[in-house]
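Student: Need coordinates for the following:
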Amino acid sequence: MSVRTALGVVALLVLAVMPFVTGPYAVFVCAQMITLIYIAASLQMSFAYARILSFMQGTFFGLGSYVACVTHGSGFTLPVMLLAAVAASGVLGVVVGLVVTRMKAAHTAVICTLLVATIVLMCANSFVGITGGEDGLSLRGGSYMFGLAVAFGANRITYCFAFLPLAAYFIFVMLAERTTFGVVMKAVGSNEVRAAQLGYQVWLRHLAVFAAAGGMAGYGGAMNAVILEHVSSALFDPNLSLTAVLWTAVGGLAHPFGALFGGLLVFPLTELAARAFKYVDIVVGALLIAAALLFPQGIAGLVGERRLGHFNRRSSKEMLAEGPEGRSQTA
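Tutor: From the prediction side, this is the model:
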């Protein structure tokens, strides 16, 4: 196990025990952070396995929140709320993905997803009778899951419903990384021309990944609505997707745990900055620029580079000690 993977596992273990060793406020903050990590993780999935840098993951997140709110208002239970949120966001991912996956240049996908996110935000602010606009809608009371009463808000049960699927995703990606499935998905994401020459359906896989990323963000949005007991059109703001870009850039876009690392580092910093500084967006922009300049591969890449550099230096010393004919002498 590599150092960065071990750090990711430790981070998951810390989050797993958090609701059992801390107070209600810490549970609320951590639960909110976990739901937002879904946006960053879905962005990492979309970029790593489909090479789509999406600026509308926050749109999927907001859609999942509203679908959960509407289904709850219609009298459905929590499993139906979550499944409906995932399905609606996944369908939107398929619709947008049919266009985005046809675009070859990376910047065109960015423009397309940002345009869709802006249109959805304008629609959400226009149809106030449905979305509630900036005032939003409220979820009150609770629901049931398999006969178990679940109270809305930040508590241990809703924390587990938010955390366990996210942890399962990270563990699955970690275990599947060296399997045939994982290698093929990496190949399709990194070199689609060669993958197509090998007979893989690149376009179809990209579409499936983008739709799955949308469904993942939608689940996070549904749990965010359950935990905060409120949804509003602000969830469709493209700045939410920009925050996800920052988290993944800081954590490392190329590593499965990059979204987790970025969320654990940036979320507390921005929350603390919001208490002392009014214009938090400036802090977010400064962090993004600093991350791009200082460690372009993120925290995960920085750890990997340092360890690799250590091994390279050690190998060079061994080669110098052996001399120019060291290999033949040992043979």
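Student: chain center to stretch 140-151: distance?
Tutor: With CA atoms, centre = their mean, to the nearest Å as the basis, stretch 140-151 stands 27 Å off its chain's centre.
Student: Now do the end-to-end distance for it.
Tutor: End-to-end span of stretch 140-151 (CA to CA, to the nearest Å): 9 Å.
Student: in the stretch 1-150 of the chain, which ranges drop under the pLDDT threshold?
Tutor: Residues of the stretch 1-150 of the chain that meet the criterion pLDDT under 70 lie in 1.
Student: if we go to 90?
Tutor: Residues of the stretch 1-150 of the chain that meet the criterion pLDDT under 90 lie in 1-8, 22-23, 47-54, 73-75, 101-110, 127-150.
Student: all strands of it, in order?
Tutor: Secondary structure of the stretch 1-150 of the chain (DSSP state E, counting those that start in this stretch): strands at 137-138, 142-145, 148-151.
Student: could I get the ones you listed as JSON lines with distance to residue 198 and mean neighbour count?
Tutor: C-betas here are computed from N, CA, C, even on glycine. Formatted as JSON lines, the strands of the stretch 1-150 of the chain follow (distance: least, CB to CB, whole Å; neighbours: other CB atoms under 10 Å):
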{"stretch": "strand 137-138", "distance to residue 198": "49", "mean neighbour count": "18"}
{"stretch": "strand 142-145", "distance to residue 198": "43", "mean neighbour count": "17"}
{"stretch": "strand 148-151", "distance to residue 198": "46", "mean neighbour count": "12"}
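Student: Select, out of those strands, the one closest to residue 200.
Tutor: Closest of the strands of the stretch 1-150 of the chain to residue 200 is strand 142-145, at 38.2 Å (criterion: CB to CB).
Student: Pairing partners for that closest one, with directions?
Tutor: Each strand paired with strand 142-145, and its direction, by DSSP bridges: strand 148-151 (antiparallel).
Student: who's in contact with the strand it pairs with?
Tutor: With contact meaning CB atoms under 8 Å, 6 or more residues apart in numbering, strand 148-151 is reached by 78, 141, 142, 143, 144, 157, 158, 161.
Student: between those, which is closest to residue 17?
Tutor: residue 157 (15.6 Å).
Student: That closest one is in what secondary structure piece?
Tutor: Element membership of residue 157, judged by DSSP states H and E, is helix 156-176.
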